[in-house]
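Visitor: missing the sequence, but the structure's below:
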């Protein structure tokens, strides 16, 4: 396979960034949810 | 996102502060399953391109990410217009979440495009290319948008001004695109590659799959980011309720002080005044 | 409304004429930019002539930042912005007035900058009319966008640092187009300057309309 | 709007924020047209915020508010055009002269520019000061100039935040006269001050706020020399 280095770099940066970003958003949201009363986190019951 | 994807509804207990819902958990599972499938298609099932050789495999992530960038910024513009129209916090939050996810996707568009351009065009960056320069300017416009949003301000003021910035940013896209196109109309981009009929069915399918998978990631991120922003505003409101109670308590203590303890003279020493 | 716009523009210009901030501080800065470019580009006459159009407009963008900040500071120094809200002035008229005042100041500085570039970089102007008309069209767009973004960051306390990142990317099309028209006017690039003028005019119109519509929303602080 | 049918100010449980601080935490206050009301309270009680809310400059976070018949929730712009607010900032341009400033704000309020000289002399600003740049004025002279910009506008509701601050005895007397004249002309005046004894003479009703809420509302009888009360009652009856 040609350009293997570029391929690995491109895909790993792409998927890696999305994973790290997604993880950080989920973590921040989890931390934020601690400070909000359960009844004000309204989408949870609405979607479930 | 893996942690959320793995969490099943049964494990969600009262002490669980995860912001996932059944929808996002299903989406998470789908993403975890489909990413390896996409990788299989992108690296194993499809053939190398005649001219780009194996570098074409980068396009299976680059193109969907680029498309979703424009979706995200369009969503910011829609949210901004809807906010100014309806003045609802929901739309402001949509615009904010879309802009942040959009900046991440826009950055990835630039990076993956650059990595693809190096072996293909033999350059990391090409000033003459319309889409490259447009995307870079767009990136900077929305980095500015996020910078503005991160400044502490009264929420309503910030929402209104951010909406204007978001709309102007979106208006700017076609203007920048036009001007760059005129500037150097020798674009290096394979403008016809999707339409000139030389593509194999499998290549086309992989592109489609890439759009679906990255679209799912995009939606998951958008929803989760929206919920984060929503929670942050709820915290703010909750803080306001507490502050209001404290403030009201002051009015009972403050009666005697109000009548007796007034300071003669200066008007500068009033902390209730505008800062 | 035009009378109100003129009232605001005349006030801004009168304040500037008294305070001389633009004349005493920004104008010398303008010359300084030209000199710095000359030093940075190794004093090679041919390079200087080739890059003169771009240098001119980059310098204009830097000046714009200062002029916009100054224009916003006039209103915020002692709560005048609030008084404007309490007045009968239509926000669109205020926008028009402030943009007009900014335009006049930019044009004055551009004349200075143009003379400096022509003299110091030894540029020969092949098409003075194109140069003048395109500078006018570009400045209208810059003044309109600058006025919009000038009020955006007011009241947030970080105007100085926020303004460049918000305003400059938006002005990128002006930089591209105006550099082309000047390149053509200086006989430096093979571009149709008059066609680029259309782009500048379009930019000016779009931002003028945006400002007229959006200024009311932005002026109101809370 | 017929002022006779509306209170000049009607706030019900008004909450207003400064940043994220609830400066007004449920203020209820009704002021009838033609009334002169003094708001007093300790530092940080919310006096300034109350005036700015009534001027249409602040958003009503919750509660109801009507000023001159306009709803604060959706028509603050109409309110802003009919009030005269003297705040802590004077809103003057330092580099313009006294006359230029007053003329600018007169024109900006679409008021008659010909009344500018008389307004300036009414505020005790002699002709030699008219062509002086505001940056050369003392704090008291600035406040007089700011009051002159309000006077040319003839607002229906005067909102004066510490109007006596920085003024000498002559200036304070002028302000008192200004308030009396405004009330005579049928305008409503709301003053905020913590110098009760200074302003008590010009106001019939004293409202006390603390912690962003109303804690006291004494009508005419506590803070008013008897001699003026009848005069005031006659005035209000008109």
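Guide: That came through fine. Being a predicted model, the structure only gives us computed values, none of them experimental.
Visitor: what sits against the closest residue to chain A within chain C?
Guide: Chain A sits closest to residue C:165 of chain C, with a gap of 21.2 Å, by Cβ to the nearest Cβ. Quick note: C-beta positions are derived from backbone N, CA and C, even for glycine. Residues touching residue C:165, when contacts are defined by Cβ atoms under 8 Å, 6 or more residues apart in numbering or on different chains, comprise B:140, B:143, B:144, B:147.
Visitor: Buried among those? Need that as a selection in PyMOL.
Guide: This is how PyMOL selects the buried members of those, with burial counted by 16 or more other Cβ atoms under 10 Å in any protein chain shown:
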select buried, chain B and resi 140+143+144
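Visitor: from the contacts of residue C:165, which are also near chain C?
Guide: Among the contacts of residue C:165, the residues lying close to chain C (Cβ under 8 Å from any Cβ of the partner chain) are B:140, B:143, B:144, B:147.
Visitor: for the chain, which residue is closest to the average position?
Guide: As the question left the chain open, I've gone with chain A. When Cα atoms, centre = their mean is applied to chain A, the residue found nearest the centroid is residue A:22 (1.2 Å).
Visitor: The chain in question should be chain D.
Guide: Centroid-nearest residue in chain D: residue D:159, 1.7 Å away (criterion: Cα atoms, centre = their mean).
Visitor: any idea how far that one is from chain A?
Guide: The span separating residue D:159 from chain A equals 37 Å under the rule Cβ to the nearest Cβ, to the nearest Å.
Visitor: Quick check: the gap between that residue and residue D:82.
Guide: In this structure, residue D:159 and residue D:82 are 11 Å apart, going by Cβ to Cβ, to the nearest Å.
Visitor: returning to that earlier point: the residue nearest to the centre of chain A contacts residue B:221, correct?
Guide: Yes: applying Cβ atoms under 8 Å as the test, residue A:22 and residue B:221 come out as touching, 5.6 Å apart.
Visitor: Sketch out the low-pLDDT regions of chain C for me.
Guide: Low-confidence segments of chain C, defined by pLDDT under 70, span residues C:43, C:155, C:157-159, C:221-222.
Visitor: Check the stretch 1-150 of chain B too.
Guide: If you take pLDDT under 70 as the line, the stretch 1-150 of chain B has these spans: B:1-16, B:50-51, B:128.
Visitor: hmm, try it at 50
Guide: For the stretch 1-150 of chain B, applying pLDDT under 50 flags the ranges B:1-14.
Visitor: Around chain A, which positions in it sit nearby?
Guide: Residues of the stretch 1-150 of chain B found near chain A (Cβ under 8 Å from any Cβ) are B:1-4, B:9, B:14, B:17-24, B:35, B:39, B:42-43, B:48, B:53-55, B:57-58, B:61-62, B:65, B:104, B:107-108, B:111-112, B:115-116, B:118-119.
Visitor: Stretch C:140-154 and chain B in contact?
Guide: Yes: contact between stretch C:140-154 and chain B is present through C:148, C:152, C:153 (criterion: Cβ under 8 Å from any Cβ).
Visitor: in which helix or strand would I find residue D:63?
Guide: Assigned by DSSP states H and E, residue D:63 belongs to strand D:62-67.
Visitor: Revised request: answer the last question for residue D:27.
Guide: Residue D:27 is part of strand D:21-31 when elements are defined by DSSP H and E.
Visitor: ok and the next helix or strand after that strand relative to strand D:21-31, angle-wise?
Guide: For strand D:21-31, the following helix or strand on the C-terminal side (DSSP H and E) is strand D:36-40. Here strand D:36-40 runs at 150 degrees with respect to strand D:21-31, directions being taken by axes from the mean of the first three to the mean of the last three Cα atoms, to 10 degrees.
Visitor: counting contacts, what elements does strand D:36-40 pack onto?
Guide: For strand D:36-40, the helices and strands in contact under the criterion 3 or more Cβ pairs under 8 Å, 6 or more residues apart in numbering or on different chains; DSSP states H and E are helix D:47-54, strand D:188-192, helix D:196-199, strand D:205-210.
Visitor: Which residue comes closest to residue C:121 once chain neighbours are left out?
Guide: Using Cβ to Cβ, 6 or more residues apart in numbering or on different chains and skipping the chain neighbours, the partner closest in space to residue C:121 is residue C:48 (4.3 Å).
Visitor: next one: residue B:98
Guide: Distances taken as Cβ to Cβ, 6+ apart place residue B:75 nearest to residue B:98, at 3.9 Å, with adjacent residues excluded.
Visitor: Do I have it right that the one you found meets residue B:94?
Guide: Yes: Residue B:75 is within contact range of residue B:94, at 6.8 Å (criterion: Cβ under 8 Å).
Visitor: Excluding sequence neighbours, find me the nearest residue to residue D:73.
Guide: Here the residue nearest residue D:73, using Cβ to Cβ, 6+ apart, is residue D:60, at 5.7 Å.
Visitor: hang on, that neighbour in a strand?
Guide: No: per DSSP: H, G, I helix; E, B strand; the rest coil, residue D:60 lies outside any strand segment and is coil.
Visitor: still on that earlier bit, next, count neighbours for the residue nearest to residue C:121.
Guide: Other residues within reach of residue C:48, judged by other Cβ atoms under 10 Å in any protein chain shown, total 20.
Visitor: Over to residue C:172?
Guide: The number of residues packed near residue C:172 is 22, by other Cβ under 10 Å.
Visitor: picking up where we left off before, surely the residue nearest to the centre of chain D is in a helix?
Guide: No: going by three-state DSSP, the assignment for residue D:159 is strand, not a helix.
Visitor: partners of it in the sheet?
Guide: residue D:85, residue D:190 (DSSP bridges).
Visitor: how far away is it from chain B?
Guide: Taking Cβ to the nearest Cβ as the criterion, residue D:159 is separated from chain B by 13 Å.
Visitor: ok, stretch B:101-116 near chain C or not?
Guide: No: using Cβ under 8 Å from any Cβ, stretch B:101-116 stays clear of chain C, coming no nearer than 12.3 Å.
Visitor: Name the residues of stretch C:102-112 that come out as buried.
Guide: Neighbour counts over stretch C:102-112 (16+ other Cβ under 10 Å) mark C:102, C:103, C:104, C:105, C:106, C:107, C:109, C:110, C:112 as buried.
Visitor: could you dump these to a markdown table with distance to residue A:11 and secondary structure?
Guide: As requested, the buried residues of stretch C:102-112 are exported to a markdown table (distance: Cβ to Cβ, whole Å; DSSP: H, G, I helix; E, B strand; the rest coil):
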| residue | distance to residue A:11 | secondary structure |
| --- | --- | --- |
| C:102 | 48 | helix |
| C:103 | 50 | helix |
| C:104 | 54 | helix |
| C:105 | 51 | helix |
| C:106 | 48 | helix |
| C:107 | 52 | helix |
| C:109 | 50 | helix |
| C:110 | 49 | helix |
| C:112 | 53 | helix |
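Visitor: so which of those residues comes closest to residue D:190?
Guide: Using Cβ to Cβ, residue C:102 is the member of these that lies nearest residue D:190, at 37.7 Å.
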